[in-house]
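1. coords below, sequence missing:
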């Protein structure tokens, strides 16, 4: 595992700068997630670290080595993509060991390494199968195995779970987190899904328009978002962000309160409104409100509580959990 340092990293396409002077340190052994909306620069940043994209200026250091001008093969990285990129005519064993085969690794050593990785990823029973005989989750594990067997300094993941269904994504999040704990490796992971970021990361880097909005642990970003953008992006459902007179009365330009920190009562509260829509999720219920002068609000309440569209209610923010901008 190795430390990764980015120093004033910039990237331009045709004179248009898309990455604006990124300074970032990812410590050895960290699971760091780049998160942000489409077009924010997260995949471009990852590709520059890998060497697949050449930076316009700035430096990239991996393990204390300046690799800014190095080929991808000499950077000590392994990359896992969204589309698996497996060879359909090769078996699982051959796909995992493909890089070792190119490096002319002795057969007995290659077999030992492939068997070890297959054991870690629970692929031992599938080594003789072709990719077409595997599920989506198994194919992604093969792609991850091909990266692990190279014993890289840094793993790079570019939205590796986006092609999987919801149940498989949840399962693979757990498996990748356990894999990180087992290997103790430095991992950099790109996603647009803030749930993946919150559940997997040691460190989250929130990107917006080619710039870093905030860096921190999942709970730091949840509890102390540095900007309205981060406040609205991290958390599900997203934070209620209120502007105008209500915010000014609160002493700020933008007032924020998370849905789970907005209490609803039939009798008392700061704001009066009515229920627009109710989403019953079992343990939780998401209540969409319309509050005059405030606007639409979302509250997360216990699933045992019952609200009906059109019902008049009071909404009361937990003032110790509010944020102001």
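-> Sure thing, it's come through. Everything numeric in this text was worked out from a predicted model, so none of it was measured.

2. all helices of the stretch 101-250 of the chain, in order?
-> For the stretch 101-250 of the chain, applying DSSP state H, counting those that start in this stretch gives helices covering 107-120, 136-148, 166-183, 194-200, 218-223, 228-233, 245-249.

3. and residue 310, helix, strand or coil?
-> coil (DSSP: H, G, I helix; E, B strand; the rest coil).

4. gap between it and residue 207?
-> Per C-beta to C-beta, to the nearest Å, residue 310 is found 41 Å from residue 207. C-betas here are computed from N, CA, C, even on glycine.

5. how does the protein divide up, domain by domain?
-> Here the domain assignment for the chain is 4-232, 243-324, based on automatic domain parsing.

6. any chance of JSON lines for the helices of the stretch 101-250 of the chain, columns mean neighbour count, distance to residue 259 and mean pLDDT?
-> Shown next, in JSON lines, are the helices of the stretch 101-250 of the chain (neighbours: other C-beta atoms under 10 Å; distance: least, C-beta to C-beta, whole Å; pLDDT from 0 to 100):
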{"stretch": "helix 107-120", "mean neighbour count": "16", "distance to residue 259": "39", "mean pLDDT": "91"}
{"stretch": "helix 136-148", "mean neighbour count": "22", "distance to residue 259": "31", "mean pLDDT": "89"}
{"stretch": "helix 166-183", "mean neighbour count": "15", "distance to residue 259": "21", "mean pLDDT": "89"}
{"stretch": "helix 194-200", "mean neighbour count": "20", "distance to residue 259": "14", "mean pLDDT": "93"}
{"stretch": "helix 218-223", "mean neighbour count": "17", "distance to residue 259": "12", "mean pLDDT": "96"}
{"stretch": "helix 228-233", "mean neighbour count": "20", "distance to residue 259": "12", "mean pLDDT": "94"}
{"stretch": "helix 245-249", "mean neighbour count": "13", "distance to residue 259": "17", "mean pLDDT": "94"}
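
7. for residue 195, see how far away the residue nearest to residue 321 when sequence neighbours are not counted is.
-> Excluding its sequence neighbours, the residue lying closest to residue 321 (C-beta to C-beta, 6 or more residues apart in numbering) is residue 261, at 4.0 Å. Per C-beta to C-beta, residue 261 is found 19 Å from residue 195.

8. need the contact list for residue 285.
-> Residues near residue 285 by C-beta atoms under 8 Å, 6 or more residues apart in numbering: 278, 279, 300, 301, 302, 303, 305, 307.

9. got a ChimeraX select line for the buried ones in those residues?
-> Entered in ChimeraX, the line below selects the buried ones among those, by 16 or more other C-beta atoms under 10 Å:
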select :278,300,301,307
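
10. ok, the contacts of residue 285 vs residue 38, which is closest?
-> The shortest approach to residue 38 among those belongs to residue 279, at 25.0 Å (C-beta to C-beta).

11. one step back: and residue 286, which of the helices of the stretch 101-250 of the chain is closest to it?
-> Nearest of the helices of the stretch 101-250 of the chain (C-beta to C-beta): helix 194-200, 15.0 Å.

12. how far off centre is the closest one?
-> Relative to its chain's centre, helix 194-200 lies at 5 Å (C-alpha atoms, centre = their mean, to the nearest Å).
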